[in-house]
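J.: what would the 3D arrangement of this be:
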Amino acid sequence: MKLKFIILVLILNSLTIFGQNYEPLDLAQKLFLTDFPDVKKYSKDEFEGRPNKNDLGSNVKLDFKTLSQNDKTAVVNITVTDSLGKGFDTYLHFEKDKTWMIIAYRALAQTGILQQMLHEFEKMSEKDKQNLFKIDELGIKNQIDLDNTIGNTKLTLESDDNIIKYFNDNKTRFADLKEKIEKFSKENPKLSNKEISKHFEKELKSLLIGNYGNFYFPCDSCFTLTIGGMIDNTVGYFYNIEKSEIPEMNPSRVIMIREIGNGWYIFKTT
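T.: Numbers count the residues shown, from 1 in each chain. Take a look at the predicted model:
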């Protein structure tokens, strides 16, 4: 009887020290759906318990999705949708210690600059537009270029679900472009991604793609199309049929990867 009592006390003590063994999805939901006073027991590295439920605005809807989970790391996607139906995606990164621990919170960074730029574009007078078209360095020479820049910026800022929807709505065109670029690249092996992007500028723009390739996405065997972003904070699509060659998500570079299907994925970097 005494031995059973000692074992019970040791088990309870272990739970007190290490906390309950929540799965990453459980922790994400507790963090953003409940008051979670014990959050620091499940936090390490840079994450110190915020953002959490109390940092969200009112009248928001939250959707949770596990993007990846193995015996060492996990990433959970939290989509925050406001009362107007506008979605914004964020990502919690986890590491397995004795229990799962939240190590970082990520989202596509510097989107505020893009939103401000979009606002300025959409309220431009005709005179402002004509002055803009004269600035050669920007590459916006006419209304068609401006409309494309606006469309590309809007796609960059879209929710992950809508970025996937856009791809699926145009998947035949994406497949055709992939075939053309791969054929051209094979025939011109010395050309850089920048030069290839220039060659296919019209086709890329027609699909609201900023350029072929991505310096910040570490996958040489991937066929990569960058939609847009700011500096190293980018979003795009990639293709790779070999899952073993796809880079792992991490808080310092590839903050999210989500499968679309048939070898295609979306990604975000920071």
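J.: mind exporting stretch 159-169 as PDB, just the C-alpha atoms?
T.: Output of stretch 159-169 as PDB, limited to C-alpha atoms (Å, rounded to 0.1, in the frame of the first residue of the first chain):
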ATOM      1  CA  SER A 159      -5.100  33.300 -47.200                       C
ATOM      2  CA  ASP A 160      -3.400  29.900 -47.900                       C
ATOM      3  CA  ASP A 161      -6.800  28.400 -48.800                       C
ATOM      4  CA  ASN A 162      -7.300  31.100 -51.500                       C
ATOM      5  CA  ILE A 163      -3.700  30.800 -52.800                       C
ATOM      6  CA  ILE A 164      -4.400  27.000 -53.200                       C
ATOM      7  CA  LYS A 165      -7.700  27.800 -54.900                       C
ATOM      8  CA  TYR A 166      -6.000  30.100 -57.300                       C
ATOM      9  CA  PHE A 167      -3.600  27.400 -58.300                       C
ATOM     10  CA  ASN A 168      -6.300  24.800 -58.700                       C
ATOM     11  CA  ASP A 169      -8.300  27.200 -60.900                       C
END
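J.: and the contacts of that stretch?
T.: By Cβ atoms under 8 Å, 6 or more residues apart in numbering, the residues outside stretch 159-169 that reach it are 77, 79, 81, 86-89, 155, 158, 174, 208, 227, 235, 237, 256, 258, 260, 264, 266. For glycine as for every other residue, the C-beta is placed from the backbone atoms N, C-alpha and C.
J.: show me which of those are buried.
T.: Applying 16 or more other Cβ atoms under 10 Å to those, the neighbour count classes 77, 79, 81, 87-89, 155, 158, 174, 208, 227, 235, 237, 256, 258, 260, 264, 266 as buried.
J.: in helices only, show me those residues.
T.: Leu155, Phe174 (DSSP state H).
J.: among the buried ones among the contacts of stretch 159-169, which ones are in strands?
T.: Judged by DSSP state E, the subset of those located in strands is 77, 79, 81, 87-89, 227, 235, 237, 256, 258, 260, 264, 266.
J.: closest to Glu46 among the residues you listed?
T.: Nearest to Glu46, judged by Cβ to Cβ, of those is Met256 at 17.2 Å.
J.: how far away is that closest one from Ser221?
T.: Noted for Met256: a distance of 19 Å to Ser221, by Cβ to Cβ, to the nearest Å.
J.: go on, Gly236?
T.: 16 Å.
J.: neighbour count winner among these two?
T.: The neighbour comparison of Gly236 against Ser221 (other Cβ atoms under 10 Å) goes to Gly236, with 25 against 11.
J.: residue ranges of the helices in the stretch 101-250 of the chain, please?
T.: 111-122, 126-133, 143-157, 160-169, 171-187, 193-199, 201-206 (DSSP state H, counting those that start in this stretch).
J.: go through the second one and flag the buried ones.
T.: If you call a residue buried by 16+ other Cβ under 10 Å, then helix 126-133 has these buried ones: Leu132.
J.: could we number from 51 for the rest of this?
T.: Yep, numbering from 51; the last one is helix 176-183 now.
J.: for stretch 119-135, C-alpha coordinates in CSV please.
T.: Presented in CSV, the C-alpha positions along stretch 119-135 are these (Å, rounded to 0.1, in the frame of the first residue of the first chain):
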residue,chain,number,x,y,z
GLN,A,119,4.4,16.3,-37.2
ASN,A,120,7.1,13.8,-36.6
ASP,A,121,8.8,12.6,-33.4
LYS,A,122,10.9,15.8,-33.1
THR,A,123,9.1,18.8,-34.6
ALA,A,124,5.6,19.9,-35.7
VAL,A,125,3.9,22.9,-37.3
VAL,A,126,0.3,23.9,-36.8
ASN,A,127,-1.4,26.4,-39.1
ILE,A,128,-3.9,28.8,-37.4
THR,A,129,-6.2,30.7,-39.9
VAL,A,130,-7.7,33.8,-38.4
THR,A,131,-10.8,35.0,-40.3
ASP,A,132,-12.3,38.4,-39.4
SER,A,133,-16.0,39.5,-39.5
LEU,A,134,-15.7,40.5,-43.1
GLY,A,135,-14.4,37.0,-44.1
